[in-house]
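Peer 1: Need coordinates for the below:
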Amino acid sequence: MKMRDYYEILGVNKNATPEEIKKAYRKLAMKYHPDKNQGNKAAEEKFKEASNAYEVLSDPEKRKAYDQRGIAGIHDMGFEGFTDFEDIFSRFSDIFGRDRSSFGFEDIWGSNRQRGGPQRGSDIRYKLAISFLEAAFGAEKSIQIPRSESCDICHGIGGTGVTTCPKCKGTGRSSRGGRGLFTISEVCNQCGGSGNVVQSVCNTCRGSGQVSQYRTIAVRIPPGIEDGANLRLQGQGNSGLKGGPPGDLYVNIQVQPHPDFKRDGQNIIYEAFIPFTTAALGGEIKVPTLKGIATLKIPKGAQSNQMLRLRGQGISDARGNRGDQLVKIAIAVPKELSREQERLLRQYAQLMSDE
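Peer 2: You can find the predicted model right below:
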C-alpha cells in the first residue's frame, strides 16, 4: 500500500512554517488521541500516522531529506516510525505535557494514569564525527556511551520490602488545598513520585533502581548520509523505571570536510587547475574521484569556473541512484616564463591584436 504524503496527512502545504505544522499536528492529536478514542483502532492508526508526519516535518534535517528523497531519505536517517504511544508521548512532551494525558490538562480526557506505574526511559543524544568517505559509502562504527540500566542486585526495585506509599496510595501524587474551589496536585513528598516506599534501600543503586554503565553500541552509517542527520537506535537509551521500556539513542552525524571534495546533494564538486594552453587547445587530465583516478576530457576554449561532468561518480541515495562529480575548471597562469615562452606569447599577442 502506498504511503500517504506527510504534508497531506497534516493538511498543510509544502511551504508551511514550523508554527503551522505544529498547529496542524495539535489539532489532529487532540482529535485522534488514544485516551479519547479507547478501543478505536482506526483512530489509533491516525494518531500514529500524524505523529510520524510531525516527527519528520518538525525536524529541519528530516524535512530536508524527505523533500529531496521521500520516505527513503527518512529511513536512511534511522527513523522507521513510532511503534507505541509511549514513544510518541515522550518524544513530544512539549505538546502533551509531562503526562500522556492531554496537553497538560488531565481532566479533558478523564485520564487516571498513575505516575507510580511503568515509566519509559529517557533518550540519549550522541554526536559522532565521520569522514567524508564514510558518509559517501557508509560504514560500521562502534561508540561507547554511559547509560542508566536496571540494577542487577535489586532487579530495578530499589531495595527490599517494597510497599505502596500510604500517603498517595501508589499514585505518586498528593493533593493540597488551593484557593477557592481548586486543589493543587504535586509530587508526593514521601515516595518522591514513585508510588512505593522501600523499607531496605539497595546499597548498589542507593534506592534508584538504576546504575550507570558504559556500553559499546554498533552504529550502521547508511551510504549517502548527510551532515547533521540523526540516526535513531530504538531501545538503546536509558532503561525505564518499574518495567517501563527503555528510551532511544539518537546519533547526530557530523561529517568532516574533505581536502579535495565538496558535496552538493548527491553530487560532489572538485576544482581542477589546468594550464592555459590546455584550456585553449583542449586535452585530457587526470582527476581524483571517490573511487580512484579518472580521465577527464577538456574541450577547446575551456573557461575558468566552467563545470565539466563525470557522470555516475557522485554519491548514491537510498534508491541506488548515484549523483555526478562536477569538475570546476580553474586556469593556472604561470608566474615565470622562459625567454622562448615569452617570445612565443608575445608573438601570439601580436597575432591577436592584428585580427
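Peer 1: quick one: the helices in the stretch 251-355 of the chain?
Peer 2: 276-281, 339-354 (DSSP state H, counting those that start in this stretch).
Peer 1: sorry, that was for the chain
Peer 2: For the chain, the helices defined by DSSP state H cover 6-10, 18-32, 41-57, 60-69, 71-76, 85-91, 93-96, 106-109, 132-137, 276-281, 339-354.
Peer 1: before we move on, the earlier item: dump the helices of the stretch 251-355 of the chain into JSON lines; add distance to Ile293 as well.
Peer 2: Any C-beta I mention is one placed from the backbone N, CA and C, and that applies to glycine too. Shown next, in JSON lines, are the helices of the stretch 251-355 of the chain (distance: least, C-beta to C-beta, whole Å):
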{"stretch": "helix 276-281", "distance to Ile293": "17"}
{"stretch": "helix 339-354", "distance to Ile293": "29"}
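Peer 1: Any chance of a markdown table for those helices, columns mean neighbour count, distance to Gln190 and mean pLDDT?
Peer 2: Converted to a markdown table, those look like this (neighbours: other C-beta atoms under 10 Å; distance: least, C-beta to C-beta, whole Å; pLDDT from 0 to 100):
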| stretch | mean neighbour count | distance to Gln190 | mean pLDDT |
| --- | --- | --- | --- |
| helix 276-281 | 15 | 83 | 92 |
| helix 339-354 | 10 | 93 | 88 |
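Peer 1: that older thread, quick one: closest of the helices of the chain to Gln199.
Peer 2: Among those, the nearest to Gln199 by C-beta to C-beta is helix 85-91 (29.7 Å).
Peer 1: got the contact list for that closest one?
Peer 2: With contacts defined as C-beta atoms under 8 Å, 6 or more residues apart in numbering, helix 85-91 is touched by 34, 44, 47-48, 51, 55, 82, 96, 99-100, 120, 122-123, 244-245, 247-248.
Peer 1: can you list contacts of stretch 266-277?
Peer 2: Under the criterion C-beta under 8 Å, 6+ apart, residues 136, 224, 260-263, 285, 287-290, 296, 298, 302, 313-317, 321-334 lie in contact with stretch 266-277.
Peer 1: Mind giving me the ChimeraX select for the residues you listed, buried ones only?
Peer 2: The ChimeraX command for the buried members of those (criterion: 16 or more other C-beta atoms under 10 Å) is given here:
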select :136,224,261,263,285,287,289,290,296,298,302,313,314,315,316,317,322,323,324,325,326,327,329,331
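Peer 1: from what I can see Met167 touches Ser174, true?
Peer 2: Wrong residue type there; residue 167 is Lys, not Met. Yes. Counting by C-beta atoms under 8 Å, Ser174 is a contact partner of Lys167 at 6.0 Å.
Peer 1: So if I had to pick from these two, which one is more boxed in?
Peer 2: The residue with more neighbours, out of Lys167 and Ser174, is Ser174; 18 against 14, by other C-beta atoms under 10 Å.
Peer 1: Number of residues surrounding the closest residue to that one other than its chain neighbours?
Peer 2: Take Ser174 and drop its neighbours on the chain: the residue closest to it by C-beta to C-beta, 6 or more residues apart in numbering is Cys188, 4.5 Å away. For Cys188, the count of nearby residues is 23 (other C-beta under 10 Å).
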